[in-house]
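> What shape does this take:
(chains A and B)
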Amino acid sequence: MPHFTLSIGPNGPLLGALLGVSKPRADALTAAGQPIPQAVPITGLIDTGASCTCIDPSVLLTSLSLTPTGSVLVNTPSTGATPHDTEQFDVALVIPATAGATPLLFPTIPVISSELLVHQGFHALIGRDILDRCLLVYDGAAKTFTLAF
Amino acid sequence: MALEKELETFRSKLQELTAEHEGKLVRIHGNEVVDAFSSYADALKAGYSEFGLEPFLVKQIHAIEQAQFISRFVDPCATRRTI
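You can find the predicted model right below:
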């Protein structure tokens, strides 16, 4: 089973990933004669309190030049009791495994755009939509976590 | 305003969409409900194939939409804004 083990730092369980445009969007860009934006290396915080994966708009709008293709209701501590309609984007996400092992690949996955992430030291919250495909071992005593998939 | 027209179409036709396609993903372009799919990837692929880089909406059909939940303090980017 591909996996990796990383240290838990002051900001929590952080991992590196690659975020790019989805395969269908890449095909549409090619058909329109437009360049496909390079995949962007991002830092993500594993967050079991997030039901879906969230990405900072600086990555979605600036680096990947995406436009939304969806909208979902989202509740956060900042929205109070009333959920907000929030933009949803289709992306491709790759989480590398140890050298030589198959990475965790999502060719087309919906994510939502959330501000204030970069200010907290990362670009993404890796939510339960991704963790549902994984085995997560959080070893707080050893200050490490392992993600297998 | 991103997808404003498509969201209005979705809301206006939600009752009939729910009756026919509850749980599926609908694809909407402007005022037109194009079709419904069982998988997100299939709906996206069909959307980009037909509409290219024009705006289109893919949204799951539920009579009562279950909200996503994020326990961390973040600011979700509102759908109704200019980008």
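
> how about the residues of chain B near chain A?
B:2-3, B:7, B:40-41, B:44-45, B:47-49, B:52-53, B:55-59, B:65-80, B:83 (C-beta under 8 Å from any C-beta of the partner chain). Glycine gets a C-beta too; all of them are placed from N, C-alpha and C.

> And for A:Ala99, the neighbour number?
Neighbourhood size, A:Ala99 [other C-beta atoms under 10 Å in any protein chain shown]: 6.

> Kindly indicate whether it is helix, strand or coil.
Of the three states, A:Ala99 takes coil according to DSSP: H, G, I helix; E, B strand; the rest coil.

> Which pLDDT value belongs to it?
Among the per-residue scores, A:Ala99 shows a pLDDT of 84.

> Could you list the buried residues of stretch A:81-96?
A:83-93, A:95-96 (16 or more other C-beta atoms under 10 Å in any protein chain shown).

> er, stretch B:28-36 I mean
Those would be B:28-29, B:33-34, B:36, for stretch B:28-36 by 16+ other C-beta under 10 Å.

> What's the nearest residue in chain A when you look at chain B?
Using C-beta to the nearest C-beta, the closest approach of chain A to chain B is made by A:Gly49 at 3.2 Å.

> That residue against B:Arg72, yeah?
Yes: using C-beta atoms under 8 Å, A:Gly49 makes contact with B:Arg72 at a distance of 6.3 Å.

> For those two, indicate the residue with more neighbours.
B:Arg72 (17 against 12).

> buried subset of the residues of chain B next to chain A?
Buried among the residues of chain B next to chain A by 16+ other C-beta under 10 Å: B:2-3, B:7, B:40-41, B:44-45, B:47-48, B:55-59, B:67-70, B:72, B:74-77, B:79.

> where do the strands sit along chain B?
All strands of chain B, identified by DSSP state E, fall at B:25-29, B:32-37, B:57-60, B:68-69, B:75-76.

> What of chain A?
A:3-7, A:14-21, A:40-46, A:54-55, A:70-75, A:84-95, A:104-115, A:124-126, A:135-139, A:144-148.

> if we can go back for a sec, quick check, nearest of the buried residues of stretch A:81-96 to A:Leu104?
A:Ile95 (4.2 Å; C-beta to C-beta).

> The closest one against A:Leu15, yeah?
Yes: here A:Ile95 reaches A:Leu15: they are 6.5 Å apart, a contact under C-beta under 8 Å.

> Need the overlap of contacts for the two.
In terms of C-beta atoms under 8 Å, 6 or more residues apart in numbering or on different chains, A:Ile95 and A:Leu15 are both contacted by the residues A:126, A:147.

> one step back: need the buried residues of stretch A:81-96 in a markdown table (columns: distance to A:Asp27 and pLDDT).
Formatted as a markdown table, the buried residues of stretch A:81-96 follow (distance: C-beta to C-beta, whole Å; pLDDT from 0 to 100):
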| residue | distance to A:Asp27 | pLDDT |
| --- | --- | --- |
| A:Pro83 | 33 | 92 |
| A:His84 | 31 | 90 |
| A:Asp85 | 28 | 91 |
| A:Thr86 | 26 | 93 |
| A:Glu87 | 22 | 94 |
| A:Gln88 | 20 | 97 |
| A:Phe89 | 16 | 98 |
| A:Asp90 | 12 | 98 |
| A:Val91 | 14 | 98 |
| A:Ala92 | 12 | 98 |
| A:Leu93 | 18 | 98 |
| A:Ile95 | 23 | 97 |
| A:Pro96 | 24 | 93 |
